[in-house]
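Novice: Have a look at this prediction, sequence included:
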Amino acid sequence: MKALAEFAMRGRFQALLITVIGAGSLLFSPISAAVLALVTLRKGAGEGAWLLFWALLPAGSLVYLDGDSGPLSLLLAVMVLALVLRNTVNLPLAVLVCVPVGATIGLAMVVFAGAYLDQIAAYFGEFLATLEQQLSQGDQNVILARPTPVQIAGMLGAGTAMTAVLCLLLARYWQAALYNPGGFGEEFRQLYYSPMVAVALALGIVALAALGAEYRTWAMICALPLTFAGIGLVHARARHRGQGRGWLTGFYLAWLFFDPVKLLVVFVAIADSWMNFRRRWTTGNKEDL
């Protein structure tokens, strides 16, 4: 992946080639978005806007031909996050911006892409109907809940916001690998939110979840900054205790497959906003000495 970043930073044509090729594909659009973020972080808003302009052509064509706005939404979301990080040099703030960005994408889908959401809901309905037939035995009929268009819009908003943050982090990693080795790891391990921000995000999660199952996907958008802050804390703890990649790999597998681990990461991030565990670990080390 570092070789790809090196190639993109050799000149305008190389960066344009990678960005445009991937921008029209849902599979490769995250690579295009990460290159767009890297150029914006390194060379400024002007170069990033120039790349974005050309990348919007294939991404916009995909919207026109198939109604799929995923790559377009991702490129715009990553550009916003990269501009925030470029101008503030504040990674926690850049990650926090994914909340209004994700909510805006979800609301835009509800307002402007109702037919597309209905189409996705129909696909889900057909798949779940087939699954119900396979699971039903004898007199026992299995009924699975169908997602609504509003629920799907929240899911798409949360998914795009999360992917945008991952693309931004990849771009930041590339930037550090090329120009400041080791800088990204230290920056990510220090990802932290104040008690006021953490409480506001937690209240947003609870309020949206309380509205019912239809809005729980929207609550996931508010959980994203706390999730990344909690993962950053896990990396900081692993570094503090000298735990290797094997331990982190196990953590990521557990986080990926077990929902309680996801909730635990969010709770730990909220607790960290009040307790500041990193400072306690540092203080503990000094006392031991």
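Specialist: Now that the structure is in, tell me what you want to look at. Worth saying up front: this structure is predicted, and the values here are computed from it rather than measured.
Novice: hmm, who's touching stretch 212-227?
Specialist: Applying Cβ atoms under 8 Å, 6 or more residues apart in numbering, the contact partners of stretch 212-227 are 92, 95-96, 98-99, 102-103, 106, 145, 148, 150-152, 154-155, 157-158, 161-162, 165, 193, 197-198, 201-202, 204-206, 208-209, 262, 265-266, 269-270. To be clear about C-beta, it is placed using only N, CA and C from the backbone, and glycine gets the same treatment.
Novice: What average pLDDT does stretch 99-107 get?
Specialist: Per-region confidence: stretch 99-107 scores 96 on mean pLDDT.
Novice: Show the buried residues in the contacts of stretch 212-227.
Specialist: Buried residues within the contacts of stretch 212-227, defined by neighbour count using 16 or more other Cβ atoms under 10 Å: 92, 95-96, 98-99, 102-103, 106, 148, 150-152, 154-155, 157-158, 161-162, 165, 193, 197-198, 201-202, 204-205, 208-209, 262, 265-266, 269-270.
Novice: How many neighbouring residues does the nearest residue to Pro30 once chain neighbours are set aside have?
Specialist: Leaving aside its sequence neighbours, Pro30 sits nearest to Cys167 (Cβ to Cβ, 6 or more residues apart in numbering; 5.3 Å). Neighbourhood size, Cys167 [other Cβ atoms under 10 Å]: 26.
Novice: what's near enough to touch Cys167?
Specialist: For Cys167, the contacting residues are 30, 33-34, 37, 74, 78, by Cβ under 8 Å, 6+ apart.
Novice: now Gly44
Specialist: Arg86.
Novice: What distance do you get for it to Val80?
Specialist: For Gly44, the distance to Val80 (Cβ to Cβ, to the nearest Å) stands at 15 Å.
Novice: Over to Ile105?
Specialist: 11 Å.
Novice: and what of Gly67?
Specialist: Following Cβ to Cβ, the distance that separates Gly67 from Val80 is 23 Å.
Novice: Neighbour count: the two, which is higher?
Specialist: Set side by side, Gly67 and Val80 give different neighbour counts by other Cβ under 10 Å, the larger being at Val80 (18 against 12).
Novice: Okay, and that one sits in which element?
Specialist: Using DSSP states H and E, the element containing Val80 is helix 70-88.
Novice: mind listing what's buried in that helix?
Specialist: Neighbour-count burial for helix 70-88 [16+ other Cβ under 10 Å]: 70-86.
Novice: can you list the residues that contact stretch 248-256?
Specialist: By Cβ under 8 Å, 6+ apart, the list of residues contacting stretch 248-256 reads 231, 234-235, 238, 261-262, 265.
Novice: My error: substitute stretch 60-74 in the last question.
Specialist: Contacts with stretch 60-74, where a contact means Cβ under 8 Å, 6+ apart, come from 23-26, 29-30, 32-33, 56, 58-59, 105, 108-109, 113, 115-116, 119, 156, 160, 163-164, 167.
Novice: Where helices are concerned, which of the residues you listed count?
Specialist: In helices, defined here by DSSP state H, the members of these are 23, 29-30, 32-33, 56, 58-59, 105, 108-109, 115-116, 119, 156, 160, 163-164, 167.
Novice: Drop anything exposed from these.
Specialist: Here, 16+ other Cβ under 10 Å leaves 23, 29-30, 32-33, 56, 58-59, 105, 109, 116, 156, 160, 163-164, 167 buried among the ones in helices among the contacts of stretch 60-74.
Novice: Now the two most distant members of those.
Specialist: By the measure Cβ to Cβ, Tyr116 and Cys167 form the most distant pair in these, at 22.5 Å.
Novice: what about the residue nearest to Pro30, distance to Thr148?
Specialist: On the measure of Cβ to Cβ, Cys167 and Thr148 end up 28 Å apart.
Novice: next one: Val39
Specialist: Separation of Val39 from Thr148 (Cβ to Cβ): 39 Å.
Novice: what does Ser69 give?
Specialist: Distance, Ser69 to Thr148, using Cβ to Cβ: 19 Å.
Novice: Cool, thanks, talk later.
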